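got a predicted model here, sequence first, then my questions.
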Amino acid sequence: MPPRRAPTAYFLFSHDERAAATEEWRAKHPDKQSVAVAEVASILGERWRALPDDAKARYQEQAAARAAELAEQVAQEEVEREEHAEAQTAAKTFAFPLTTVKKIILADSEIKRVAKDAALTLNKACELWLGALAAGAAGAARDKGRRTVRLEDLTQAMSQDPALYFCREHLATYVQPEVEERQEERKAALAAAKKKQGEAEDAGAPEGGRASGDENAQAGGGEGGVSSARKRSGGGEAAEGASAEKKKAKVSKREAAAANTRSIATFFTKP
C-alpha cells in the first residue's frame, strides 16, 4: 500500500473553488453538456495564481495542520501494529493469554493500568511458577506410587515452600470443600442409580419369584425387608436435604473465592 499523503494548500483551495470554477466554465460554454475537466483545472490554476498571499498563507497553514494530524495518525497506527505483532508473538511464546493476565492484575482495585512489558513479565513468571508447582506435585504423586496428580499432592508441594502458604490456604478454604462436595454428589448419584436399577429389577422379576420372595419375607424376613426399605427412603431424603444445604452454601463460597482471587493478584503484583 503506497504511503498516504496530506493534502497540499493548492488541493484544499481547489476543493473550495471547484464548484465556482465549474460554473465559470459553463458560462463560457453554454452549448456544451459535459464539463471539460482539464479546462476547469486551468481556471483553478489561474485563480490560485491570482490569490493574495495572505489567503494562500491560510491554505498553507491548513495543509500543515492536516500533515501533522496525518503524521500522528500514522505513528499511532504503527504503534498499534507493533503491539498486535508483539501480542501474536506472546501468544506463541507464553502459556497464558495476555488479556487474562492483565485481568488478574487489574483485579486489584488500587491498580488502574498495567504496562505491556509488566504483563509479559508476569505472564512468564506465572508460567514458571505453575511449572515448578506441577513438578513438585508430580513428585509427591510418584512418592505415593501414583501417576495421577491429586489435590493432596498440590497441597503437599505448596507446604514445602513458605512463599506458597497463601495458595495452600486458598486450596484448603475454597477448593477442597468444593471437591469434597462434588465427590458427595457423585456418591449420591451413584446410590440413586443403584436404587433405581434395583427397583427396575424387582419390577421385572417373574410372578413366582416375587411370590416366593413375599412368602420368605412373611416367614421371617418381612420385618427386615420393611426396615431396609425405610432405611433406603430415609437415606434418600437425608441426601436430598444435605444436597440442598450444600447448594445454598455454594454461592457464598464462590463469592469468597472471588475475593481471595483479588488477594492472590495483589500478592503477585506487590513490590
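Structure's in. What do you need? Numbers count the residues shown, from 1 in each chain.

show me what the helix or strand Arg81 falls within is packed against.
Using DSSP states H and E, Arg81 sits in helix 53-93. Judged by 3 or more Cβ pairs under 8 Å, 6 or more residues apart in numbering; DSSP states H and E, the packing partners of helix 53-93 are helix 9-28, helix 98-105, helix 116-143. For glycine as for every other residue, the C-beta is placed from the backbone atoms N, C-alpha and C.

nearest approach to Glu77 belongs to which of the ones you listed?
Of all these, helix 116-143 sits nearest to Glu77, with 17.0 Å by Cβ to Cβ.

for the record, mean pLDDT for that closest one?
When pLDDT is averaged over helix 116-143, the result is 87.

coming back round to it: pLDDT of the helix holding Arg81, averaged?
Across helix 53-93, the average pLDDT comes to 85.

okay, now the domains of this structure?
9-93, 94-198+257-271 (automatic domain parsing).

any idea how far the closest residue to Val101 other than its chain neighbours is from Glu69?
Once flanking residues are discounted, Val101 sits nearest to Asn123: 4.7 Å by Cβ to Cβ, 6 or more residues apart in numbering. Asn123 sits 36 Å away from Glu69, going by Cβ to Cβ, to the nearest Å.

who has more neighbours out of these two?
Asn123 (21 against 11; other Cβ atoms under 10 Å).

and the helices and strands packed on helix 53-93 as a markdown table, adding distance to Val74?
Shown next, in a markdown table, are the helices and strands packed on helix 53-93 (distance: least, Cβ to Cβ, whole Å):
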| stretch | distance to Val74 |
| --- | --- |
| helix 9-28 | 18 |
| helix 98-105 | 25 |
| helix 116-143 | 21 |
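
save the domains of the chain as TSV, and put in distance to Gly204 too.
As requested, the domains of the chain are exported to TSV (distance: least, Cβ to Cβ, whole Å):
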stretch	distance to Gly204
domain 9-93	57
domain 94-198+257-271	11
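
and Glu78, how far is that from Arg4?
12 Å.

hmm, I was thinking of Ala20
28 Å.

one more: Lys195?
Going from Lys195 to Arg4 by Cβ to Cβ gives 75 Å.

point out where the stretch 151-271 of the chain drops to low pLDDT.
The stretch 151-271 of the chain contains residues with pLDDT under 70 at 172, 174-176, 178-179, 205-271.

tilt between the helix holding Arg81 and helix 116-143?
Interaxial angle of helix 53-93 relative to helix 116-143 (axes from the mean of the first three to the mean of the last three Cα atoms, to 10 degrees): 10 degrees.

settle it for me: which of Lys195 and Arg4 has more neighbours?
Lys195 (14 against 9).

the more buried one sits in which helix or strand?
Going by DSSP H and E, Lys195 is in helix 176-203.

buried set for that helix?
181, 188 (16 or more other Cβ atoms under 10 Å).

list the helices and strands it packs on?
Counting by 3+ Cβ pairs under 8 Å, 6+ apart, helix 176-203 packs on helix 151-159, helix 222-269.

redo that, cut-off 10 Å
In terms of contacts (3 or more Cβ pairs under 10 Å, 6 or more residues apart in numbering; DSSP states H and E), helix 176-203 is packed against helix 151-159, helix 207-216, helix 222-269.
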